[in-house]
Structure formats: structure tokens, C-alpha cells
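Undergrad: I'll drop the sequence and a predicted model, then ask my questions.
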Amino acid sequence: MATHSGRHGMALVLALVAVMIISVLLSGIMLLSVSHYALSNTNSDYANALNLAEAGINWELNKISRDATQADNSPVTVEVPTASGRSFQVHVEAYPNGGTWNWASGSAFWAYSTGTVDGVSRTVRVVARGHGLFGPEGKYALFGIDTLNSTGNLTVIGAAGTNGIANVGGSSTLDGNFFFCGTGTGTVNPKEGPDAVINQPLPEYFPTVDQLADQRALYGYGISTTQGIDFFKTHNSNTSIVDSEGKNVVINQGHPRLDNNTFKNTTGTIVLGPGDYYFESLTLPSNNAIIVDNSTGVVNIWLGPSGGTGGFDSINGTMSFVSHDIQLFNLYIGSKREFRMNGTMDFYGNVFAYNGPDDRGQYYGSIKVLGDGYINGSVIGYDVEKTQGNAIIEFPSTGGGGPSPPPGEPVYYYGFDQDWEEINPA
Amino acid sequence: MKHRRGLSLIELLVAVVLLATALAGLIGLWSFGFSTTRHSQDVGVAYSIARQEVERAKNIGFLMLPRNWERVQGYDGLGHESTAPNPHFTARVMMDEGVPPGDLNSASLRSMKVQVWRGPTEGYELIFETITYLTRGGT
């Protein structure tokens, strides 16, 4: 009977044992599911945080591109709108040794960014630097920001394009792609080419001459200014111009001009060494010549004043260049005067005419290519026209020589350079 | 004997109730565990899909991504692109939704949001959402 009684008790005992086993199993399943759930959520926060960290890097690069003096040398936290609980913290340091980034040098820097989502953080750093408008990082041989018209015998070797209206026909040859950017439209029907017509959804962004002048003042002279091209009225190398025998050439500093009168009492050939030259009128006659001695640095010619009117500026085929590195000569046109490129010279450098807005909110800058020259470099203007002559514009496949931009020269934008890495603490 | 037989029946009933309760809990938790694990797996695949979409957009290029560009793409449960009418996931990429902080006109800094939904169309269940910014020459 005792055994029988014990059997009765066994049912409950067995049930309890089963319940215990089931409880243990349930606990295991629970633990496994919950930990798996937590892990997947953490991993998704990790992925989110990484994207935010990259967002922070790009946010800072964009900020520095707009104004390098606003670089965040100490960490700044930015909340992401439309996404609560998400933020990034970003700062820059000098490359490679850390410390405050000296933006004035236009040198490379570390950009650090930590993205945080729901308490999960990830940190990324990259090496970034300024990228040049011309040279190896340039893109276009010819660009008309508002209009581009060519009805002559123009040959373009390299990319061409417009943000506005293009009419390229006649006997033109396009040996490269043609880009309609933003709302750009028109007719591209040259004798030969192009390789491809590409519709780029976003317009091509270019800084104005005034903005480039401010950058040159900052990087080249260490002066933060918003004077634009007018900065060079008082900061220029005009007094260092000499003729071919080394004799000083007198330039009127009140209204600096480079024209027939400039060549009086000279050998007829003047030499421009590295520096910034500012003129309110440039009419280089064909019986005189300019030697651009850019063998040891960049020669920039700035044509002002900003928005200035009256007549036109021109060169007539008598410029020669000691160095053929296209990054070492730039002609910036900040006035409203038309700039005419005549003659048959071999030109090595860049011509850039885009400025504004004026008091009516209008942008301007006009280039006419009229001669038979061979232009190695970029021709970029608000309005670009080619109606006569047999000019060739070639953007060299190597894009020029040294680093882009050369030290002290304007920066087009700040962007990634090298070494993307995640540096989460252990 | 009668008393003992009654006790045995009660014991048996208690045991059955205990076991039934435990089994019900087991089934409930098994179901919970199954759905949780499935969700976890979906989240894992979803953020891979989102990352893939971010990289795809970056490869198209800052200037070549149209303003307010959107892309909707179906994916199977393993994260492979799918053209099936009822894909396991639907990814939606939205450019320029919301102006990034500190940017006045979003001309040079653009936002990109990626959502991954479970089901053939958005609206079923949002599994994963991520936001990043793009700039010219950025990372």
C-alpha cells in the first residue's frame, strides 16, 4: 500500500519536474530571443550611428568649404532634425600631428565625427583637404555658366558644358563629353563629337571671382576679408613689373592699366613674376608682349573693379609662359567688361569670368574667344562666345603639374583626401 | 481507499493543469521567441539593405543624384534585390528630405533618408530607418 500511495504522489512530482524543465527551457528561449533582439537592435543602432558619423564629416566639410575660418577646432554637437535621439559631434585637427588646424595654410586636416543613436556611438575620421578649381582636379575645358555659343571653328579637347543655354554648332569639334547641368538646355550639333551628351541633374557650382579673391587674400596673405577683387587694389605686385631688361615699369596705382602707355619707355616686353596683378583695364596690343615668368610660383591677373563697366579688355596673342603648368597662371575677370582672347599664341593657364551678384542681383562675366590661339587650360565664364577664328581649347589629360591647388591659391571645395577609418574606443 | 483514490484524482488534475499551463506558456513563449527572432533577423538584413542603398546613391554621385530623387526597390528575405510582386522587404531612398542643419539652401549639403519596410509596399512595418548627409567630395 505504501508503494501504491507513493505512485499517487508521483504524478504531481512528475508534473512539477516537467514544469521545472519547461520553465528552464522557457527561460532559455526567452533569454536567447531577448538577447538576439537586443543584439539586432544594437547592430541597427551601430549602422545608424555610422551613417550619422559620416553625415557629420560631410556637414563639417560643407561648412569649411563655405568659410574655412569657421572650422570647428573643438567639438560641436548637432542634433539631426526630423529624427529625435540622433546627433553627431564633429571637430577637426591638424594633419598629421593633431592640434589646431591652421586653415590659413589650406593644408590637410583630420575630420573626426561621432554619430550617436539611442546611446550607441561610432566614431569615424578622415583626412580631408582643399581641392582646386583648375588643374588636376578641374573638370572642364570650356564652360558657359549662363550661355555658351560657338559658331566658329572651335576645337575643344576635354569636357564642355553649361548650366544655362548652349548653342554649339558650325565647324566646332568636341573631343570630350558635353554636360547639360541643372536646367541647362540647347543645341549641341558640332561638326564632330561630342563623346557623349550628359544630363547632370544638379547645376555645376562655381565660386565667384570675388569669393576666389577673398580666398586668395586668406590663403596667400593671411587676411580674412570680404572685399572681393577690390582687395587687390591695395595688395598687388604691380610695382614689381619689369621689362625684359629688368627696368621697372610704372603702373598707375590709382587706376592701374596695362595698355599701350604701359609699354612706353620699356623694351616693349614686360615680365610678370609670381604674384597678384590688378588692373582696371587690360588691352595688350599685338606689337607688345608679356612674358609670364611662372617658373617659381603662380601668376594671377585680376581684372576689376568688381562689377566695373566700360569698354572691353583684350589680349592679342603676345603672351608667353615660362612654365606650361596650367595651374601657374590664372586670369580672373571680376568686372562686367567683356574679355576678348585674340591672336595665335599658345596660352597656358585658366581664364575665369564669373562674378556678382550686382545691386540688381545679377551675375556676369563675359569671354569672347576670337583668335586662333591654342589655349591649354580652362575657359569658364558666365557668358562664353566663340564666333570667329580657329581656336583650340584643351584641358590637358594630366591636368597640369603640381599639387592642386598650389600653396596659397583659392580652394574650390574641401573634400575627402584619404584614410577613412573607424576609430571606436576599445 | 476511497479517500486515497480521490486524492490521486486531485493530484492528477493538478498535475494536468500544471502541465497544461506550462505547455501553454511554452507555446506562447515559443511564438514570442519565433517572432522576435524573425524580427531580429529582418532588422539585421534591413540595415544591410539600407547601407547598400546609401553606397549605391554615393556611387551615382553628388551632382548626378537628381533633386528630391526617390528610389523604391524590393528585396527578398536574404537582402537580394527582388522584382517579385510581393517582396519580403521594400527599401525607399529619399534625397533632400528636410534641410540639413546649418545649411541655408541645401545646395551643397544634401540629406538622404533610407527606410526599409517589411512587406511589398511601405506601410506594413518600418524595420529600419537611417539618415545621412552628402556633400561634394565628401565621404
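TA: Sure, I can see it.

Undergrad: mean confidence for stretch A:396-414?
TA: Regarding stretch A:396-414, the rounded mean pLDDT is 79.

Undergrad: can you count the residues close to the residue of chain B found nearest chain A?
TA: Closest contact between chain B and chain A, by Cβ to the nearest Cβ, is at residue B:137 (2.2 Å). C-beta here means a position set from N, CA and C on the backbone, and glycine is covered the same way. Neighbour count of residue B:137, defined by other Cβ atoms under 10 Å in any protein chain shown: 20.

Undergrad: give me the secondary structure label for residue A:17.
TA: With DSSP: H, G, I helix; E, B strand; the rest coil as the basis, residue A:17 sits in helix.

Undergrad: any idea how far residue B:26 is from it?
TA: Residue A:17 is 15 Å from residue B:26, where distance means Cβ to Cβ, to the nearest Å.

Undergrad: between the two, who's got more neighbours?
TA: Between residue A:17 and residue B:26, counted using other Cβ under 10 Å, the more crowded position is residue B:26 (16 against 11).

Undergrad: and the helix or strand of chain B with the lowest mean pLDDT, how far out from the chain middle?
TA: When each helix and strand of chain B is scored by mean pLDDT, DSSP states H and E, helix B:2-60 comes last, with a mean of 84. Centre-to-centre, helix B:2-60 and its host chain are 18 Å apart (Cα atoms, centre = their mean, to the nearest Å).

Undergrad: what about the helix or strand that it is followed by, average pLDDT?
TA: Downstream of helix B:2-60, the next assigned helix or strand under DSSP states H and E is strand B:70-75. Regarding strand B:70-75, the rounded mean pLDDT is 94.

Undergrad: do the same with stretch A:351-366
TA: On average, stretch A:351-366 scores 95.

Undergrad: just to revisit the earlier point, for the closest residue to the residue of chain B closest to chain A other than its chain neighbours, grab the count of nearby residues.
TA: In space, not counting the residues next to it along the chain, residue B:137 is nearest to residue A:415; the distance is 2.2 Å by Cβ to Cβ, 6 or more residues apart in numbering or on different chains. Neighbour count for residue A:415, taken as other Cβ under 10 Å: 23.

Undergrad: next one: residue B:72
TA: Counted with other Cβ under 10 Å, residue B:72 comes out at 13.

Undergrad: gap between it and residue B:89?
TA: 11 Å.

Undergrad: can you tell me the helix or strand for the spatially most central residue of chain B?
TA: Taking Cα atoms, centre = their mean, the centroid of chain B lies closest to residue B:127, which sits 2.3 Å from it. Taking DSSP H and E as the criterion, residue B:127 maps to strand B:125-135.

Undergrad: list the buried residues in that strand.
TA: B:127-135 (16 or more other Cβ atoms under 10 Å in any protein chain shown).

Undergrad: near chain A, from those residues?
TA: B:128-135 (Cβ under 8 Å from any Cβ of the partner chain).

Undergrad: residue contacts, whichever residue of the stretch 301-426 of chain A sits closest to chain B?
TA: Nearest residue of the stretch 301-426 of chain A to chain B (Cβ to the nearest Cβ) works out as residue A:415 at 2.2 Å. The contact partners of residue A:415, by Cβ atoms under 8 Å, 6 or more residues apart in numbering or on different chains, come to A:61, A:65, A:128-129, A:131, B:135-138.

Undergrad: need these in JSON lines with pLDDT, secondary structure and distance to residue A:105, can you?
TA: As requested, these are exported to JSON lines (pLDDT from 0 to 100; DSSP: H, G, I helix; E, B strand; the rest coil; distance: Cβ to Cβ, whole Å):
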{"residue": "A:61", "pLDDT": "93", "secondary structure": "helix", "distance to residue A:105": "17"}
{"residue": "A:65", "pLDDT": "87", "secondary structure": "helix", "distance to residue A:105": "16"}
{"residue": "A:128", "pLDDT": "95", "secondary structure": "strand", "distance to residue A:105": "14"}
{"residue": "A:129", "pLDDT": "91", "secondary structure": "strand", "distance to residue A:105": "10"}
{"residue": "A:131", "pLDDT": "88", "secondary structure": "strand", "distance to residue A:105": "15"}
{"residue": "B:135", "pLDDT": "90", "secondary structure": "strand", "distance to residue A:105": "22"}
{"residue": "B:136", "pLDDT": "86", "secondary structure": "coil", "distance to residue A:105": "22"}
{"residue": "B:137", "pLDDT": "86", "secondary structure": "coil", "distance to residue A:105": "19"}
{"residue": "B:138", "pLDDT": "85", "secondary structure": "coil", "distance to residue A:105": "22"}
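
Undergrad: what about residue A:421, neighbour count?
TA: 10.

Undergrad: next one: the one 3 residues further on
TA: By the measure other Cβ under 10 Å, the count of residues near residue A:424 is 13.

Undergrad: check contacts around it.
TA: Applying Cβ under 8 Å, 6+ apart to residue A:424 gives the contacts A:121-123.

Undergrad: returning to that earlier point: the least confident helix or strand of chain B to strand B:70-75, inter-axis angle?
TA: Angle, helix B:2-60 to strand B:70-75, by axes from the mean of the first three to the mean of the last three Cα atoms, to 10 degrees: 130 degrees.

Undergrad: other SSEs contacting helix B:2-60?
TA: Counting contacts by 3 or more Cβ pairs under 8 Å, 6 or more residues apart in numbering or on different chains; DSSP states H and E, helix B:2-60 packs against helix A:2-66, strand B:70-75, strand B:89-95, strand B:109-118, strand B:125-135.
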